[in-house]
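Peer 1: Provide a 3D model corresponding to the input given below.
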Amino acid sequence: MTESELEEARRWLRLTRARQDAARPADGGDFSACGDIALDHRVAVALLEAVREQLPSWDRADPEGRAPPVNERPDVPQGASLLLQPSLLFSVDWAADGSGFARPEAYYVVTVPDLEARIVAASRDTDAVTGHHDLAIGWCPPQRDLAWGTKKVVVDWWRRLGGAETGPWEAFLAEGLVNGERAGLWRRELWGRRQERE
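Peer 2: Residues are numbered from 1 along each chain as shown. This is a model prediction of the structure:
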């Protein structure tokens, strides 16, 4: 992460903290954590750089199925000031529309020591829902339990997706720091058992 990207992340965190205290719509339509979805995207791209090749990439591929160049940022200057290592929380498939196409979304947490924060990012294989593949979706303090802090961020994200998705995610795809059982509990807490898929 370069100094300018760190400054953008600092600005994102300040805006996101302020927005947490303000009233927001309960469900859907407002995808931005900080109030500027382009900034959410730029911060996520910088944070996820180290795992870029592991992110969901269906519509990022060329017609022959090859992955495009992985760096969505302009040329990154040599000597980035901060090396970050994103950790996969888990990934899910939102393919609830019956189209037969998977719609994976992966969640990562990145500790940014300079900001004294963990930032959670969501990465999708398409920009159709939010206008971007990758978004910083929230943060939690680094001194809190990782699962508790990230749960609040991810569940709030699912709530913000609201009507953009047709209901709860359909399948658990990959375990990281959070296993399928725990992610399933988070899902049931938000959507309840009556909306669970068969």
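Peer 1: contacts and neighbour counts: CA atoms only from here.
Peer 2: OK.
Peer 1: show me where this protein has strands.
Peer 2: 87-93, 104-112, 117-124, 134-140, 171-175 (DSSP state E).
Peer 1: the ones you listed: which one's closest to residue 34?
Peer 2: strand 134-140 (8.4 Å; C-alpha to C-alpha).
Peer 1: residues contacting that closest one, please?
Peer 2: The contact list for strand 134-140, computed with C-alpha atoms under 8 Å, 6 or more residues apart in numbering, reads 13, 16, 32-33, 37, 40-45, 117-124, 149-150, 153-154, 157.
Peer 1: residue 175 is in contact with residue 87, correct?
Peer 2: No: if you go by C-alpha atoms under 8 Å, residue 87 and residue 175 don't touch, sitting 10.8 Å apart.
Peer 1: worst mean pLDDT across the helices and strands of the protein, which element?
Peer 2: Lowest by mean pLDDT, DSSP states H and E among the helices and strands of the chain is helix 146-161, with a mean of 86.
Peer 1: what helices and strands are in contact with that helix?
Peer 2: Here helix 146-161 touches strand 117-124, strand 134-140, helix 180-191, going by 3 or more C-alpha pairs under 8 Å, 6 or more residues apart in numbering; DSSP states H and E.
Peer 1: in the sheet, which residues pair with the residue positioned nearest the centre of the chain? Tell me.
Peer 2: Of all residues in the chain, the one closest to the mean position by C-alpha atoms, centre = their mean is residue 122, 1.3 Å from it. Going by DSSP bridges, residue 122 is paired in beta bridges with residue 107, residue 135.
Peer 1: next one: residue 116 from residue 46, what distance?
Peer 2: 17 Å (C-alpha to C-alpha, to the nearest Å).
Peer 1: ok, the two, which is more surrounded?
Peer 2: Set side by side, residue 116 and residue 46 show more neighbours around residue 46, with 23 against 12, by other C-alpha atoms under 10 Å.
Peer 1: settle this for me: that one is touching residue 7, isn't it.
Peer 2: No: applying C-alpha under 8 Å, one finds residue 46 not in contact with residue 7, separated by 11.4 Å.
Peer 1: for the chain, what's the longest helix?
Peer 2: Using DSSP state H, we find that the single longest helix of the chain is helix 3-20.
Peer 1: which helices and strands does that helix pack with?
Peer 2: helix 37-47.
Peer 1: switch to 10 Å and redo it
Peer 2: helix 37-47, strand 104-112, strand 117-124, strand 134-140 (3 or more C-alpha pairs under 10 Å, 6 or more residues apart in numbering; DSSP states H and E).
Peer 1: and that helix, what's buried?
Peer 2: Neighbour-count burial for helix 3-20, counted by 16 or more other C-alpha atoms under 10 Å, picks out 5, 6, 8, 9, 10, 12, 13, 16.
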